[in-house]
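[1] predicted structure and sequence below. I'll ask about it afterward.
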Protein chains: 2
Amino acid sequence: MMDSETLLHELLSEVDVRINGSRPWDIHVHDPALYTHIWRDGLLGVGESYVEGHWDCDHLDAMVSRVLSGRVDARIQPQTLLKIGSRVVSTRLRDWLNPQRIARARKDVASHYDLGNDLYEAMLDSRMTYTCGYWRNARDLEEAQEHKLDLICRKLDLRPGMRVLDIGCGWASLMNYAAEHYGVRCDGLTLSREQAQLGQQRADAKGLPVRFILQDYREFQAEQCYDRVVSVGMFEHVGPGNYRTFFECVDRQLAKHGLFLLHTIGGAESTDRTNPWINKYIFPNGVIPSMAQIGQGIDGLFNLDDLHNFGPDYDKTLVAWYRNFDDHWPELAERYGERFYRMWRYYLLTCAGAFRCRSLNLWQIALTKVGAPLPVSVREA
Amino acid sequence: MMDSETLLHELLSEVDVRINGSRPWDIHVHDPALYTHIWRDGLLGVGESYVEGHWDCDHLDAMVSRVLSGRVDARIQPQTLLKIGSRVVSTRLRDWLNPQRIARARKDVASHYDLGNDLYEAMLDSRMTYTCGYWRNARDLEEAQEHKLDLICRKLDLRPGMRVLDIGCGWASLMNYAAEHYGVRCDGLTLSREQAQLGQQRADAKGLPVRFILQDYREFQAEQCYDRVVSVGMFEHVGPGNYRTFFECVDRQLAKHGLFLLHTIGGAESTDRTNPWINKYIFPNGVIPSMAQIGQGIDGLFNLDDLHNFGPDYDKTLVAWYRNFDDHWPELAERYGERFYRMWRYYLLTCAGAFRCRSLNLWQIALTKVGAPLPVSVREA
């Protein structure tokens, strides 16, 4: 069996990344403990070792883009028999347990979205939109997020007085924008107390007909159907075992001739797991859906009316978030600490790299019930 | 068990269609043999009985749209035990045989597309485009087809000198248009001798770099990869058991950064069979794909970059074809005969109804290999 140092050297040289090279995408190893981490924990170890400060890279995003383009990441696996065994066991366990069951989902959401509103206020646009912006005609993050919100409203063909349900509404940037500019009434589901509190304050300050509901999509029972349902950047937390339930819930909440817009990251290949480091430190139990999985989820329920891919815009969004985070770090450092800085940098820039090399997509998918009219607004928006 | 006459009466009244009523979507029963046909053969019997002249309907398309909207068609099943039994056996047989195997596909294609070029010349636009037109800014069928061809060329971002493969190229309307207006070189696959002969004549008359290849997509071995691959209205003949093979073939023929545009009818629900009358008389072994099935077909091979649904345009296209067919019938009657007239009317107008009530979609789907750049041309076309 090859030792981890030789393996890493070989894999990286395949994609023209050098250890201790001088180009911005080369990596600098400060501590050979990196190799032990890789041997023991594979990709999880690579990330943990970065957070520990064992290695560095000026342009993490560019390096990751190269690694994923060459698909060498899949060959970085834990080498210990114990890990291989535990992986088999955990795969079996996943079949029995629902990793995104309600109680677990509540905990997982809190672990990320309740980290601290100060962090997200520093990193995001003024509306706190924590999803991919739309950069086609935008000069900066603020515009990219406003254009994205407006794009969604136009695709949804919102008319005054309509009732809109937002599943996973974040800090209500979309609900507030839609209520203010399109005269609709919005209900939003979230499991994050921090989001609900700050979001409701922001809506109330403007006197908007926006209501937060602290419930899981599986618990929520609407009094009446909604004209529109939208879900932006929440489907990544649903998990393949719950896709069918998710779409059945949407089907129940949506009016007969209503329209559902699903905004989600999408993968080219079906899976039930995510990068182990992202899973452990950033989005526990998050899974990126494939079109096969979404297709099975909607089968017999919805017609697929439009799919718009603007994945490369997530690269720009993540880089803009990283710049904001980095600029504001002096104000955040005391509360979060140096290890958090490295963890957050690794999260934002490795994800940017994944979108840059098109390992990941960003899909906006328009769905209507079978028999409902084709929403021409979606294509023309 | 309810008798067929009562059953039909009850089902139709649910969707406000009357037997011997006076509205254009009501049906007129001339011969009670209709009920025997329904009892024995279900939906197949409904169509056969129409062709026999047992019943009529002024606006077949409007009637079918009502029936499918109310989903009462599924309740018209053969009532004889023999038929129920044979259905079970035939389902099992389908699992063992490939209904779209190459030899069979050759026969099935000939049975429809080699019916007679005079028929298709009378029915279609001047370029003989036998797929859904794009009516957004079109005044008539001729414009709708030209706009559709140009839409595809713009989505494909064709540049002079590019090599294009057209899988199921019909009479070469797309290849000839693309070669003439975009300066590309085209190879087209078809199994129809009639199409290849007339199509090649038309291309040669204009001196265009267009080549017909009389091969199945599974037989074809390209000398080099294509910059673009396109398939317009052929995927409906592939069959779920061959979807993976189809996409693997496209993957092999397409350049690394190439673009594949799939134009196909799409259904809301996965199935491996079609309406039994359509299957017996119009498109033997045709199957309408669902998104779940297409998603499984491309899993791990392609990124889904765009999906454009213009299903309602197929309603307009089919009605325009019917009008042309009906107008030209005096010239065709002697060769084809009265039963053919009724069969063809039933085919065109029942399909129009299925698109009108959104039982069927028309999808243009843009696909690239994982890692290829996002083709922005597709969304902006």
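    Yes, it's here. Being a predicted model, the structure only gives us computed values, none of them experimental. Numbering: from 1, shown residues only, chains lettered A, B, ... in the order given.
[2] ranges for the strands of the stretch 201-350 of chain A?
    Across the stretch 201-350 of chain A, reading from the start of the chain, the strands by DSSP state E, counting those that start in this stretch fall at A:210-213, A:226-232, A:254-267, A:302-309.
[3] now do the longest one, average pLDDT.
    The reference is to strand A:254-267. Across strand A:254-267, the average pLDDT comes to 98.
[4] can you name every helix or strand that it contacts?
    Using 3 or more C-beta pairs under 8 Å, 6 or more residues apart in numbering or on different chains; DSSP states H and E, the elements in contact with strand A:254-267 are helix A:141-155, strand A:226-232, helix A:291-298, strand A:360-369. The C-beta positions use only the backbone N, C-alpha and C, and glycine is treated the same way.
[5] so which of these comes closest to chain B?
    Ranking these by distance to chain B, with C-beta to the nearest C-beta as the measure, places helix A:291-298 first at 3.3 Å.
[6] hmm, who's touching that closest one?
    Contact with helix A:291-298 is made by A:240, A:243-244, A:246-247, A:262, A:264, A:266, A:270, A:289, A:304, A:365, A:367, B:268, B:290-296, B:298-299, B:304, as judged by C-beta atoms under 8 Å, 6 or more residues apart in numbering or on different chains.
[7] stretch A:311-329 too?
    By C-beta under 8 Å, 6+ apart, the residues outside stretch A:311-329 that reach it are A:61, A:119, A:122-124, A:132-136, A:140-141, A:144, A:265-266, A:332, A:341, A:344-345, A:348-349, A:351-353, A:355-356, A:358, A:360-362, B:374.
[8] repeat that with 6 Å
    A:122-123, A:132-133, A:135, A:141, A:348-349, A:351-352, A:355-356, A:360-362, B:374 (C-beta atoms under 6 Å, 6 or more residues apart in numbering or on different chains).
[9] and stretch A:193-207, by the same measure?
    When contacts are taken as C-beta under 6 Å, 6+ apart, the neighbours of stretch A:193-207 outside the stretch itself are A:113-114, A:117, A:170-172, A:176, A:190, A:210, A:212, A:214.
[10] just those now: which is nearest chain B?
    For chain B, the closest of the contacts of stretch A:193-207 turns out to be A:G170, at 25.4 Å, with distances computed as C-beta to the nearest C-beta.
[11] OK, contacts around that closest one?
    A:G170 touches A:130, A:195, counting by C-beta under 6 Å, 6+ apart.
[12] is it in a helix, a strand, or coil?
    Local secondary structure at A:G170 is given as coil here, using DSSP: H, G, I helix; E, B strand; the rest coil.
[13] and A:D3, how many neighbours?
    Around A:D3 sit 12 other residues, with neighbours defined as other C-beta atoms under 10 Å in any protein chain shown.
[14] and what of the one 4 residues further on?
    Per other C-beta under 10 Å, the neighbour tally for A:L7 reads 19.
[15] using PDB, list the CA coordinates for the helix or strand hosting it.
    Using DSSP states H and E, A:L7 sits in helix A:4-14. Coordinates of the C-alpha atoms in helix A:4-14 are reproduced here as PDB (Å, rounded to 0.1, in the frame of the first residue of the first chain):
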ATOM      1  CA  SER A   4      -0.100   9.000   2.100                       C
ATOM      2  CA  GLU A   5       2.600  11.400   1.200                       C
ATOM      3  CA  THR A   6       3.500   9.600  -2.100                       C
ATOM      4  CA  LEU A   7      -0.300   9.200  -2.800                       C
ATOM      5  CA  LEU A   8      -1.000  12.900  -2.300                       C
ATOM      6  CA  HIS A   9       2.000  13.900  -4.400                       C
ATOM      7  CA  GLU A  10       0.900  11.600  -7.200                       C
ATOM      8  CA  LEU A  11      -2.700  12.600  -7.200                       C
ATOM      9  CA  LEU A  12      -2.000  16.300  -7.100                       C
ATOM     10  CA  SER A  13       0.600  16.100  -9.900                       C
ATOM     11  CA  GLU A  14      -2.100  14.600 -12.100                       C
END
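[16] right, and the helix or strand after that helix?
    Defined by DSSP H and E, the subsequent element after helix A:4-14 is strand A:27-29.
[17] so what's the residue in the stretch 101-250 of chain A that chain B sits nearest to closest to, chain neighbours aside?
    For the stretch 101-250 of chain A, the nearest residue to chain B under the criterion C-beta to the nearest C-beta is A:R136, separated by 8.7 Å. Nearest-residue entry for A:R136: A:H147, 7.2 Å, with adjacent residues in sequence omitted and distances by C-beta to C-beta, 6 or more residues apart in numbering or on different chains.
[18] what's the neighbour count on that neighbour?
    Neighbours of A:H147 (other C-beta under 10 Å): 17.
[19] go on, A:V164?
    Here the neighbour count serves as a burial measure; for A:V164 (other C-beta under 10 Å) it reads 25.
[20] contacts only, for the residue of the stretch 1-150 of chain A found nearest chain B.
    Using C-beta to the nearest C-beta, the single residue of the stretch 1-150 of chain A nearest to chain B is A:S69, 5.6 Å away. By C-beta under 6 Å, 6+ apart, the contact list for A:S69 reads A:357, B:371.
[21] for it, give its distance to A:I278.
    19 Å (C-beta to C-beta, to the nearest Å).
[22] repeat that for A:D187.
    Applying C-beta to C-beta, the value for A:D187 to A:I278 is 30 Å.
[23] what mean pLDDT does stretch A:96-113 have?
    Model confidence over stretch A:96-113, given as mean pLDDT, is 86.
[24] how about it as PDB, C-alpha atoms only?
    Once non-C-alpha atoms are left out, stretch A:96-113 reads as follows in PDB (Å, rounded to 0.1, in the frame of the first residue of the first chain):
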ATOM      1  CA  TRP A  96     -32.400   1.800   8.800                       C
ATOM      2  CA  LEU A  97     -32.400   5.300  10.300                       C
ATOM      3  CA  ASN A  98     -33.600   8.400   8.600                       C
ATOM      4  CA  PRO A  99     -30.700  10.800   9.000                       C
ATOM      5  CA  GLN A 100     -33.000  13.800   8.400                       C
ATOM      6  CA  ARG A 101     -35.800  12.800  10.800                       C
ATOM      7  CA  ILE A 102     -37.500  15.700  12.400                       C
ATOM      8  CA  ALA A 103     -35.700  15.800  15.700                       C
ATOM      9  CA  ARG A 104     -32.300  15.400  14.000                       C
ATOM     10  CA  ALA A 105     -33.200  18.000  11.400                       C
ATOM     11  CA  ARG A 106     -34.000  20.500  14.200                       C
ATOM     12  CA  LYS A 107     -30.500  19.900  15.700                       C
ATOM     13  CA  ASP A 108     -28.700  20.000  12.400                       C
ATOM     14  CA  VAL A 109     -30.300  23.300  11.400                       C
ATOM     15  CA  ALA A 110     -29.500  24.900  14.700                       C
ATOM     16  CA  SER A 111     -25.900  23.800  14.400                       C
ATOM     17  CA  HIS A 112     -25.400  25.900  11.300                       C
ATOM     18  CA  TYR A 113     -28.000  28.600  11.000                       C
END
